[in-house]
Structure formats: structure tokens, C-alpha cells
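K.L.:
from the sequence below, what's the structure:
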Amino acid sequence: MKTVFKLACFALLFSVAFAANAQKVKSPAKVLNAQMSDTDITINYNAPSVRDRDIWGGLVPYDKVWRTGANGATKITIDKDIQIEGQTLAAGTYSIFTIPSKNTWTIIFNSDSEQWGAYDYDKEKDVLRLSVAPVKMDHTTEQMTFVKADDTTIHLVWDNLAIPLNFGPAY
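P.N.:
Next up is the predicted model:
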């Protein structure tokens, strides 16, 4: 009887510890809802944290396709055609990939919005590619986030960089 009681107590403690650990999500799901030029924009992503790691050129290698977040590919949904960095993106839902480098980032909008990571990334499904310059910040942002900076700009912010995307009305 004592053995059964000890096993039951052990099982209970194990399940409580497992449940507590499961609640500590390292890259939680996040959503940015913004309106730019009368266009509703929703960005769904998982937000990784720095956690004392070298991010740019380390965890996120330079000159390789990155899923722009953690877990599943980051998704952007726009309800009307819009200009991003002067180029038109049609209304729809896309995955966002990036190719970081030290001086210029390539921002990719891909028609396959249901991908896990960048493992099945297919360049043939790219609908728009943009080049933007990263902006070095004087502080560190622990958790990656998308932020509406003003009426025309959304920033991808993480570690010591901000990656601006400028939006405007479609012509």
C-alpha cells in the first residue's frame, strides 16, 4: 500500500511539474492588427526571445532564408491591395520570409501561407521581394515583435535591430 501511495504521489508531482513547464512557451504566438492607408493588416507570428544568444549572424544566419520568427511561418493578411516600399502587394494572405544581411535585408512575401518554418520554402511562390536597410537601435528588444511605428510604417524589432516596412495606398 505504501508503494502504491508513493507511486501516486510521484505521478502527481511529475504531472504538476510537466504542466508548469508546458506553460512556459519560449516563442509565444502574437498578432499585430494595424490599419495602413485604409487597409486592414494582420500579422500572425511566433515571437522568439534573445535569451543571451547571438542573434544576427548567429542564431539567424546572414544571407539565408529565415522564417522571420519561430515555429510556423509568419503570416500577413491584407484586405485591400497596398504599396509596400513602393511596390504593390495584392490583397490576400502570405507568409513572410526574410534574408538578413549586415547592410540590406530582403523581405519576401510568399503565396504559401501554411508553411512550418522555412523548411519547404519555395522561391517560385514568391509574389513580392523588397530590399530594406536595417536600423541599428541603441537598446535591445528581448522578444521579437512587429510594431506599428506610425501611420505608414511597421517595424520588425528584435535584439538591436529594427526593420522598417513603409506602406502606402495602392494606385
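
K.L.:
can you tell me the closest non-neighbouring residue to the most centrally placed residue in the chain?
P.N.:
The residue lying closest to the centre of the chain (C-alpha atoms, centre = their mean) is Gly69, at 3.3 Å. Nearest residue to Gly69 in three dimensions, chain neighbours excluded: Tyr45, at 4.2 Å (C-beta to C-beta, 6 or more residues apart in numbering). Just so you know, the C-beta spots here come from the backbone N, C-alpha and C atoms, and that holds for glycine as well.

K.L.:
backbone dihedrals for that neighbour, please?
P.N.:
Dihedral pair for Tyr45: phi -150, psi 160, per degrees, to the nearest 10.

K.L.:
beta-bridge partners for it, please?
P.N.:
Judged by DSSP bridges, the bridge partners of Tyr45 are Lys30.

K.L.:
so how far is Asn103 from it?
P.N.:
With distances taken as C-beta to C-beta, to the nearest Å, Tyr45 is found 24 Å from Asn103.

K.L.:
of those two, who's got more company?
P.N.:
Tyr45 (26 against 7; other C-beta atoms under 10 Å).

K.L.:
distance of that one from Thr88?
P.N.:
From Tyr45 to Thr88 the distance is 23 Å (C-beta to C-beta).

K.L.:
about what we covered before: just the pLDDT for the residue nearest to the centre of the chain.
P.N.:
On pLDDT, Gly69 comes in at 93.

K.L.:
now Tyr121
P.N.:
Per-residue confidence (pLDDT) for Tyr121: 85.

K.L.:
just list whatever residues bridge to Thr98.
P.N.:
Trp66, Ile107.

K.L.:
pretty sure it contacts Thr68?
P.N.:
Yes: applying C-beta atoms under 8 Å, one finds Thr98 in contact with Thr68, separated by 4.8 Å.

K.L.:
okay, and the common contacts of these two?
P.N.:
Common contacts of Thr98 and Thr68, defined by C-beta atoms under 8 Å, 6 or more residues apart in numbering, comprise Leu156.

K.L.:
run the chain-centre distance for stretch 112-129.
P.N.:
In terms of C-alpha atoms, centre = their mean, to the nearest Å, the centre of stretch 112-129 is found 14 Å from the chain centre.

K.L.:
err, stretch 140-150, not the other one
P.N.:
How far stretch 140-150 lies from its chain's middle: 10 Å, per C-alpha atoms, centre = their mean.

K.L.:
so after the one helix or strand Met144 maps to, what's the next helix or strand?
P.N.:
In this structure, Met144 sits in strand 135-148 according to DSSP states H and E. Remark: after strand 135-148, the chain's next helix or strand is strand 153-169, criterion DSSP H and E.
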